[in-house]
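In: Requesting a structural model of the entry that follows:
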Amino acid sequence: MSDLEQIAARARETGRLGIDTEFLPEGRYRPLLCLVQIAVDGEIHLLDPLEADLGDPAPLAAVLADPEIEVVLHAGRQDVAILRRAWQTTFTNVFDTQVAAGFAGFSAQAGYTGLLHDVLRIRLAKSASFTRWDARPLTPEQLRYAREDVEHLDALADELQRRLRDTGRLGWAREECRVIEEATDERDPDEVWRRLPRISGLDSKERAIARELAAWRERTAAREDRPVGSIVRDPTLVELAKRGPRDQKQLGQIRGAGPDVLRRRARDILAAIERGRGAEPIRPDEGERYPTDPVDGPTIALAESLVRARAQEAGLAYELIAARADLTPIVVAARRGQAEPDVRTLRGWRRELVGEELLELLGGNRRLSVLNGRVQVVG
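Out: Model prediction:
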């Protein structure tokens with residue numbers, strides 16, 4: 001039995017595995033996985049994916065996908081995304097200690113070292129987080145740092161689960177951890193244009209061009225294993241979509257389209273622009289079903305006051321419950337008499353805590369007042 005098979009077998013026996021990764025995000029299309037730290041039943045294993053003799057990770061990939069084995073991480077969204085891709089696996093039973101901390105009265109963004117101190121009174125001297133994890137050999141300082149990242153995960157998870165069980169919120173935390181399980185760093189080239197800055201300022205035809213340009217850039221960056229911004233920067237891409245240059249001379253007049261871009265990318269950029277011109281225009285409200293009106297501003301602020309009040313009463317981090325991106329479609333849909341939007345604040349434990357009440361407020365069946373300096377819900 002290989003070392004990885006032995007680790008996997010031990011995880012199946014105990015029903016839990018703690019895991020963390022070190023990776024290098026700079027200079028690549030996707031982060032490079034450099035180290036995997038695993039804690040199982042008090043033993044710590046450092047796995048080096050850059051070493052040829054690591055072996056097939058399939059036994060551990062199967063453990064991560066096994067719903068009978070709890071996978072403990074801290075702030076594990078990127079760890080999950082990287083391992084999903086690198087090990088070709090899925091996650092089905094994640095317990096994220098950062099997520100859990102938000103339900104236990106700590107910050108929703110609590111760091112690992114701070115949380116260890118606040119919950120377990122353990123102090124760590126974190127010193128190697130920004131080192132070159134792709135360099136070999138790893139230094140003793142790096143190895144110590146890597147081990148400490150998983151050494152206390154079991155104890156931290158146990159204590160947080162105990163606290164959440166006492167308050168009846170363990171189910172809420174586990175529900176929220178399912179979001180972490182779905183994390184991925186795969187991107188759809190035909191959809192990345194929606195995340196461009198100032199995209200709302202483009203008209204229908206310009207959006208179609210932006211979609212083609214962004215898709216070309218994404219595929220080029222993936223093929224060359226380079227950051228997308230090193231191909232063409234976001235502001236330049238949006239300006240290209242807006243101006244739609246038809247030849248290399250016009251292209252050279254766009255800010256950010258310097259000599260290197262012209263020399264290496266001009267033909268591809270102009271071809272993408274032409275494809276966009278020939279494509280079906282994308283209406284500004286396509287994919288944006290809830291455009292705001294100036295009248296919505298005060299109502300959104302009112303909705304936020306209700307959510308913050310309930311979050312404070314429950315001892316939860318506000319960020320766990322809602323963001324403006326959640327409240328805006330709720331407010332707009334209520335004003336327009338539309339069906340409820342599919343946003344997290346109206347699902348699961350959030351709906352139970354404040355979602356139903358928020359809909360009643362927007363429907364005129366609740367009101368807010370202030371008593372002794374605190375927001376009160378009336379009705």
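In: low pLDDT regions in the stretch 151-300 of the chain?
Out: 285-290 (pLDDT under 70).
In: Which stretches in it count as helices?
Out: Applying DSSP state H, counting those that start in this stretch to the stretch 151-300 of the chain gives helices spanning 153-167, 170-181, 204-224, 234-243, 248-251, 259-278, 296-314.
In: Same question for the fifth one: list its buried residues.
Out: Taking 16 or more other CB atoms under 10 Å as the basis for neighbour counts, the residues of helix 248-251 that come out buried are Leu251. Any C-beta I mention is one placed from the backbone N, CA and C, and that applies to glycine too.
In: list the helices and strands it packs on?
Out: helix 259-278 (3 or more CB pairs under 8 Å, 6 or more residues apart in numbering; DSSP states H and E).
In: now the helix it packs on, how far from the chain's geometric center?
Out: Counting by CA atoms, centre = their mean, to the nearest Å, helix 259-278 is centred 31 Å from the centre of its parent chain.
In: Not counting residues beside it along the chain, what's closest to the residue positioned nearest the centre of the chain?
Out: Central residue of the chain (CA atoms, centre = their mean): Arg77, 5.9 Å from the mean position. Nearest residue to Arg77, sequence neighbours excluded (CB to CB, 6 or more residues apart in numbering): Ala183, at 4.4 Å.
In: so the one you found makes contact with Val80?
Out: Yes. Using CB atoms under 8 Å, Ala183 is in contact with Val80, at 4.3 Å.
In: For Gln37, list each beta-bridge partner.
Out: With DSSP bridges as the criterion, Gln37 is bridged to Asp20, Leu46.
In: how about the helices of the stretch 151-300 of the chain in CSV, adding distance to Ala135?
Out: Output for the helices of the stretch 151-300 of the chain, formatted as CSV (distance: least, CB to CB, whole Å):
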stretch, distance to Ala135
helix 153-167, 26
helix 170-181, 29
helix 204-224, 23
helix 234-243, 31
helix 248-251, 40
helix 259-278, 29
helix 296-314, 43
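In: closest one to Asp342 among the ones you listed?
Out: Comparison of the helices of the stretch 151-300 of the chain against Asp342 by CB to CB identifies helix 170-181 as nearest, at 14.0 Å.
In: Going by neighbour count, which residues of that closest one are buried?
Out: Residues of helix 170-181 classed as buried: 170, 172-177, 180-181 (neighbour count, 16+ other CB under 10 Å).
In: Please identify which of the residues you listed is nearest to Gly348.
Out: Taking those together and measuring to Gly348 by CB to CB, the closest member is Glu175, at 5.3 Å.
In: what's the nearest residue to that closest one if we skip its chain neighbours?
Out: Using CB to CB, 6+ apart and skipping residues adjacent in sequence, the residue nearest Glu175 is Gly348, 5.3 Å away.
In: distance of the one you found from Ala339?
Out: Using CB to CB, to the nearest Å, we find Gly348 at a distance of 18 Å from Ala339.
In: And the two? Which one has more around it.
Out: The residue with more neighbours, out of Gly348 and Ala339, is Gly348; 15 against 7, by other CB atoms under 10 Å.
In: For that one, give its distance to Ser107.
Out: Counting by CB to CB - Gly348 and Ser107 are separated by 21 Å.
In: now Leu124
Out: Counting by CB to CB, the gap from Leu124 to Ser107 is 18 Å.
In: need the contact list for His152.
Out: For His152, the contacting residues are 116, 120, 122, by CB atoms under 8 Å, 6 or more residues apart in numbering.
In: any idea which of those residues has the most stuff around it?
Out: When neighbours are counted by other CB under 10 Å, Leu116 leads those with 22 neighbours.
In: in what helix or strand does the closest residue to it other than its chain neighbours lie?
Out: In this structure, Leu116 finds its nearest non-sequential neighbour in Ile122, 4.5 Å apart by CB to CB, 6+ apart. Per DSSP states H and E, Ile122 falls between elements, in no helix or strand.
In: for Leu138, same thing?
Out: Leu138 belongs to no helix or strand when elements are defined using DSSP H and E.
In: quick one, phi psi at it?
Out: Main-chain dihedrals, Leu138, degrees, to the nearest 10: phi -70, psi 150.
In: pLDDT score assigned to it?
Out: pLDDT for Leu138: 95.
In: thought it was touching Gln37?
Out: No. At 11.6 Å, Leu138 does not count as touching Gln37 under the criterion of CB under 8 Å.
In: Centre of this protein to the edge, which residue is at the far end?
Out: Farthest-out residue of the chain from its mean C-alpha position, per CA atoms, centre = their mean: Lys249, at 40.1 Å.
In: Compute the distance between it and Arg243, please.
Out: Note on Lys249: its distance to Arg243, by CB to CB, is 13 Å.
In: shared neighbours of these two, anything?
Out: Counting by CB under 8 Å, 6+ apart, Lys249 and Arg243 have no contacts in common.
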